[in-house]
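Visitor: Provided below for reference: sequence and predicted model.
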Amino acid sequence: MEDADLIGLFDMDDTLVDYTGGITCSLNAIKGENEPRYKSPIPRNPLNKTRVDVIRNVPGWWENLKRLKLGFDVYELAKELGYQLHVATQGPIASSNAWTEKFNWVQREIPEAIITITRKKSLIYGRFLVDDYPEFLEAWLNKRPRGIGIMPAHPHNEGFSHPRVVRYDGTNLDEVKEKLLWAKNRK
Ligand SMILES: [Mg+2]
């Protein structure tokens, strides 16, 4: 029988979705002839911020982003372990098109998942949250004293550590499995 309480939460950008890859590719498509090619991490400056804001408002941009393997490794594992699969993603204030396109992406790629688009991820219940962004993961863990965090490894979260978080870099799925089993079997 399905356990209604056995919920696993997945972030989208840089977890299930290759957001940084999409931004990098779009920035390279519009860069000046003499500018060096962009690569991750994208330098933070006012010009790049403007470019990224414009890119994020191009119709279809969010919907056409590619899958990210790091997140899908954990997604498939959670599915095998019998978790109900939920997407918990932040809706950006300055790109309302993203709210529709994130929904369409999930419908196309993982129609079995339930999606919540929110301004505050820490409100959402789950046994674990898979999220690349330290601030979101910490806020959620603070509200969920028994919750487990899985962090897909990226340059922007290098060095992050927390007693209830496994940083997954593609080589330590066993460690992730151990945590998800603990979260599943906890009393
Ligand atoms: Mg993210």
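Guide: Structure received. Since we're looking at a predicted model, the values are computed, not measured.

Visitor: Just grab the bridge partners of V130 for me.
Guide: The partner list for V130 in beta bridges (DSSP bridges) reads F10, I150.

Visitor: What's the separation between it and W105?
Guide: 16 Å (CB to CB, to the nearest Å). To be clear about C-beta, it is placed using only N, CA and C from the backbone, and glycine gets the same treatment.

Visitor: Which residue ranges of this protein form helices?
Guide: For the chain, applying DSSP state H gives helices covering 19-30, 46-56, 69-80, 97-109, 134-143, 173-185.

Visitor: before we move on, back to that, neighbour-wise, which of V130 and W105 wins?
Guide: Neighbour count, other CB atoms under 10 Å: between V130 and W105, V130 has more, with 28 against 22.

Visitor: Now do the contacts for I42.
Guide: Counting by CB atoms under 8 Å, 6 or more residues apart in numbering, I42 touches T20, I23, T24, L27, N48, V52.

Visitor: Could you list the domains of the protein?
Guide: 7-18+63-185, 19-56 (automatic domain parsing).

Visitor: Tell me which other helices or strands the longest strand along the chain touches.
Guide: With secondary structure taken from DSSP state E, the chain has its longest strand at strand 84-90. For strand 84-90, the elements it packs on are strand 7-10, helix 69-80, strand 114-118, judged by 3 or more CB pairs under 8 Å, 6 or more residues apart in numbering; DSSP states H and E.

Visitor: which of those sits most buried?
Guide: Ranked by mean neighbour count, these are led by strand 7-10 with a mean of 26 (mean count of other CB atoms under 10 Å).

Visitor: Next, see if that one gets close to the ion.
Guide: No. Counting by CB under 5 Å from the ion, the ion has no neighbours in strand 7-10; the shortest distance is 9.7 Å.
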